[in-house]
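Student: Need a 3D model of the sequence below.
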Amino acid sequence: MKWTRRTARRAPRAVAQVAALAGMVAVTGLAAAAASASGSHATAPQTATVSLTYQCRFPSGQHPVTVGVAARVPAVAKVGKPIQPTGVSLTMTLPPAAAAALASLHSATVSAATRLTVSESEGSVGTMAVWPGVTAHPVHRPAHASLTLTAAGAVPSVTASSPGNVALSAAGLSVSFTAGRAAAAPAPGPARPTAPAAGTANVPAHATPATGGGATVPSPSANAHPPLLVTCTLAPGQHAALGTVVVVGKARQTGARHAAEPTGKCPKLPPNGLKLNPRFPPPPHPKLTLQAHSPSQGCAFATGYADVRKLKGATLLQPVITNVWESINTLANLTTQVNYLELDNAAELEFHGLHQFPPSTATFLTFGFVPTTATLELMEQGTINIFVVGPAIPGATCHPNKFRSCNNVATAYSRLKALIAPGSVTVNGVPLDVGSHCETPAFDVILTGSNATNPQYSIQFGGPLTGMATIPHFKNCGVGENLDPIFNAAISGPRNFTILTQGALCTVQGAFGCVPKSFTPKPVKPIRKVIG
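Tutor: Model prediction:
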């Protein structure tokens, strides 16, 4: 069975994380409801409730934690249609010794964000997904007793391309605990709020309610005590199945892969990760009730086409690894009246230590009749910002407002420079020396991906991002003669359509979306058409 997957709430790590002409990877979206299926199989959703024991590593040592997972899973789905779990919640009960470790937060109340790893498989074939969840309100922290927290959120869908049985099973778990209402006065100074993506495939590992609308608590950056991240391992010998979906229908043809199948591992990031590009500020947001700051690394291959409108042709952008620093900031208002979610991510291209696409060679008919071949390099100028915005509460009635639509939209911003590689230009087979600095000034490219398009986009599972680019005038072209006018007349100008295809995001923590037994992202073939 081969897979294409979509998040249940693409808000891209969202609404990945958000890309541009230079490989913007962005972030998350709401998959369509699971399809109904015909036949002799039962079609009513399965309600799964399992109780599991995890061994969780707290600063005080390893403690057993009881975790209950509840979800509704379709009994039957069709090939090529999303299988969408709904009503997902995770309830954890910390024993007194584990609850006592939360005293390090120095808060009378605590909140939590969870990331449950779920295996989606048919036999030995399958993949992994992350089911995120957040607590709706801070919970009182007892001094000498057990503590129970419930986290909920929308989760990714999965789509099978051939018939069979899709089995969903719980696997690893990580939890980030943050201070709720602080027991001591918070440190002075404003902080830009950040909020977990309730329902995105890449919710940050910790979440803190923020001032406004609902619970009023300080943000992590305004509190002197950092969040507490806890990783948990499923105790062996347990039945962790969340349901099995019967997939019916005919296998779909996925088509041949692109001839150039790249490979490569997720490159190392700087010690403090990537920073957002200050040229592209985040969108305005409403008053917040929840915020978080917990970035994590992932990477994916990106490829696509950059059209040159005047030449009535397109350049194939060769596949490149794109590093993504997910969930740098996340913002949410979980009240039904506002229902807002934003996820901020940063990305960076990686080509043999250079932040650019691999050189791409294309041949066009200049002025409609002269065959011209050139190699183009697209170079990143600063990091790529990916902002994902959409509704935060799954299943709630949604009305568009000035801050978001009812779809989850990832907008990826990049600043690029185009260089024509020296010695690469031929005109009607005759070499043309354009010099070593035939290039454009830096220009902005903005691409968007959404859960409303076909195919859909998700930072976790990939998809298309599209937009228009204005190519500025070339400068410094030619040796001994000024060739700038030739390139400007043939190439420069507005409304050059760009479509970028991001592959599945390979996350370093857990190797989700990676080639088995490596931190290598899966190859991707470029999409040429997007509907919607």
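Student: From now on I want contacts and neighbour counts done on CA atoms only, so please keep to that.
Tutor: OK.
Student: check which helix or strand covers A346.
Tutor: Counting by DSSP states H and E, the element that carries A346 is strand 340-350.
Student: Each with direction, which strands does the helix or strand following that strand pair with?
Tutor: Sequence-wise, the next helix or strand downstream of strand 340-350 (DSSP H and E) is strand 360-366. Here strand 360-366 has these sheet partners by DSSP bridges: strand 370-380 (antiparallel).
Student: got the buried residues for the strand it pairs with?
Tutor: 372-380 (16 or more other Cα atoms under 10 Å).
Student: report the longest strand in the protein, please.
Tutor: Secondary structure of the chain per DSSP state E: the longest strand is strand 313-333.
Student: ok, and the closest non-adjacent residue to Q356?
Tutor: Spatial nearest neighbour of Q356, excluding adjacent residues (Cα to Cα, 6 or more residues apart in numbering): M379 at 4.3 Å.
Student: tell me the contacts of the one you found?
Tutor: For M379, the contact set (Cα atoms under 8 Å, 6 or more residues apart in numbering) comprises 22, 355-357, 416-419.
Student: now the lengthiest helix in the chain: mean pLDDT?
Tutor: Longest helix in the chain by number of residues (criterion: DSSP state H): helix 484-490. Averaging pLDDT along helix 484-490 gives 86.
Student: can you list the residues that contact it?
Tutor: Helix 484-490 is contacted by residues 310-311, 366-367, 472-478 when judged by Cα under 8 Å, 6+ apart.
Student: which stretches of the stretch 351-500 of the chain form strands?
Tutor: 360-366, 370-380, 384-390, 409-420, 426-427, 430-431, 443-450, 463-471, 493-502 (DSSP state E, counting those that start in this stretch).
Student: deepest of those strands, which one?
Tutor: strand 384-390 (a mean of 36; mean count of other Cα atoms under 10 Å).
Student: tilt between that strand and strand 409-420?
Tutor: Computed by axes from the mean of the first three to the mean of the last three Cα atoms, to 10 degrees, the angle separating strand 384-390 from strand 409-420 equals 160 degrees.
Student: what pairs with strand 384-390, and is each one parallel or antiparallel?
Tutor: strand 340-350 (antiparallel), strand 409-420 (antiparallel).
Student: Same list (those) but as JSON lines, adding mean pLDDT and distance to E326.
Tutor: Converted to JSON lines, those look like this (pLDDT from 0 to 100; distance: least, Cα to Cα, whole Å):
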{"stretch": "strand 340-350", "mean pLDDT": "93", "distance to E326": "5"}
{"stretch": "strand 409-420", "mean pLDDT": "94", "distance to E326": "13"}
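Student: Format those strands as CSV; extra columns: distance to T289.
Tutor: Shown next, in CSV, are the strands paired with strand 384-390 (distance: least, Cα to Cα, whole Å):
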stretch, distance to T289
strand 340-350, 10
strand 409-420, 21
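Student: so which of the ones you listed gets nearest S60?
Tutor: strand 340-350 (32.2 Å; Cα to Cα).
Student: Run the angle between that closest one and strand 313-333 for me.
Tutor: 140 degrees.
Student: Measure how far stretch 141-151 is from the centre of its chain, please.
Tutor: 32 Å (Cα atoms, centre = their mean, to the nearest Å).
Student: That one: end-to-end distance?
Tutor: 16 Å (Cα to Cα, to the nearest Å).
Student: tell me the mean pLDDT over that stretch?
Tutor: According to the model, stretch 141-151 has a mean pLDDT of 92.
Student: What are the contacting residues of that stretch?
Tutor: 89-100, 102-103, 107-110, 112-114, 133-136, 139.
Student: Please produce a ChimeraX select command covering the buried subset of those residues.
Tutor: The following ChimeraX line selects those of the contacts of stretch 141-151 that are buried, judged by 16+ other Cα under 10 Å:
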select :89,90,91,92,93,94,95,97,98,99,100,102,103,107,108,109,110,112,113,114,133,134,135,136,139
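Student: Let's see which of the contacts of stretch 141-151 end up in helices.
Tutor: Per DSSP H, those map to helices at 96-100.
Student: which one of those sits closest to P516?
Tutor: Distance to P516, by Cα to Cα, is smallest for A98 among these, at 33.9 Å.
Student: S424 is in contact with E377, correct?
Tutor: No: using Cα atoms under 8 Å, E377 is not in contact with S424; the gap is 11.0 Å.
Student: Pass me the low-pLDDT residue ranges in the stretch 401-532 of the chain, would you?
Tutor: 508-513, 517-519 (pLDDT under 70).
Student: In the protein, what helix or strand scores lowest on average pLDDT?
Tutor: strand 3-6 (a mean of 40; mean pLDDT, DSSP states H and E).
Student: Partner strands of the helix or strand just after that one and their direction?
Tutor: Sequence-wise, the next helix or strand downstream of strand 3-6 (DSSP H and E) is strand 46-58. Applying DSSP bridges, strand 46-58 is found paired with strand 61-73 (antiparallel), strand 228-234 (antiparallel).
Student: and of the contacts of helix 484-490, the nearest to S327?
Tutor: For those, the nearest to S327 is P472 (32.6 Å; Cα to Cα).
Student: residues near the residue nearest to that closest one when sequence neighbours are not counted, how many?
Tutor: Once flanking residues are discounted, P472 sits nearest to S492: 5.4 Å by Cα to Cα, 6+ apart. Neighbour count for S492, taken as other Cα atoms under 10 Å: 20.
Student: before we move on, what about S146?
Tutor: Neighbour number of S146 under other Cα under 10 Å is 15.
Student: What helix or strand is the closest residue to F461 other than its chain neighbours located in?
Tutor: Nearest residue to F461 in three dimensions, chain neighbours excluded: A504, at 4.1 Å (Cα to Cα, 6+ apart). In the assignment (DSSP H and E), A504 maps to no helix and no strand.
Student: if I pick A504, what's in contact with it?
Tutor: Contacts of A504 (Cα under 8 Å, 6+ apart): 300-301, 459-462, 513-514, 521-522, 524.
Student: which one of the residues you listed has the most neighbours?
Tutor: I459 (41 neighbours).
Student: Would you list the phi and psi of that one?
Tutor: Note on I459: its backbone torsions stand at phi -70, psi -30 [degrees, to the nearest 10].
Student: I figured it hits L505, correct?
Tutor: Yes: counting by Cα under 8 Å, L505 is a contact partner of I459 at 6.7 Å.
Student: what distance separates stretch 451-458 from the centre of its chain?
Tutor: Relative to its parent chain, stretch 451-458 has a centroid offset of 13 Å by Cα atoms, centre = their mean.
Student: can you check stretch 285-292 too?
Tutor: Counting by Cα atoms, centre = their mean, stretch 285-292 comes out at 20 Å from the chain centroid.
Student: go on, stretch 308-315?
Tutor: Distance, centroid of stretch 308-315 to centroid of chain: 30 Å (Cα atoms, centre = their mean).
Student: List just the nearest of the ones in helices among the contacts of stretch 141-151 to Q291.
Tutor: Q291 lies nearest to A99 out of the ones in helices among the contacts of stretch 141-151, by Cα to Cα, at 22.3 Å.
Student: so what's the closest one up against?
Tutor: 141-147.
Student: Please report which of the residues you listed has the highest neighbour count.
Tutor: R141 (22 neighbours).
Student: how close does that residue sit to A103?
Tutor: 8 Å.
Student: L334 too?
Tutor: 27 Å.
Student: do the same with A179
Tutor: Distance from A179 to A103, by Cα to Cα: 10 Å.
Student: for A504, same thing?
Tutor: 39 Å.
Student: Next: L90.
Tutor: From L90 to A103 the distance is 22 Å (Cα to Cα).
Student: Enumerate the beta-bridge partners assigned to T231.
Tutor: Assigned bridge partners for T231, using DSSP bridges, are R57, S174.
Student: number of nearby residues for it?
Tutor: Counted with other Cα under 10 Å, T231 comes out at 17.
Student: Next one, pLDDT for it please.
Tutor: 78.
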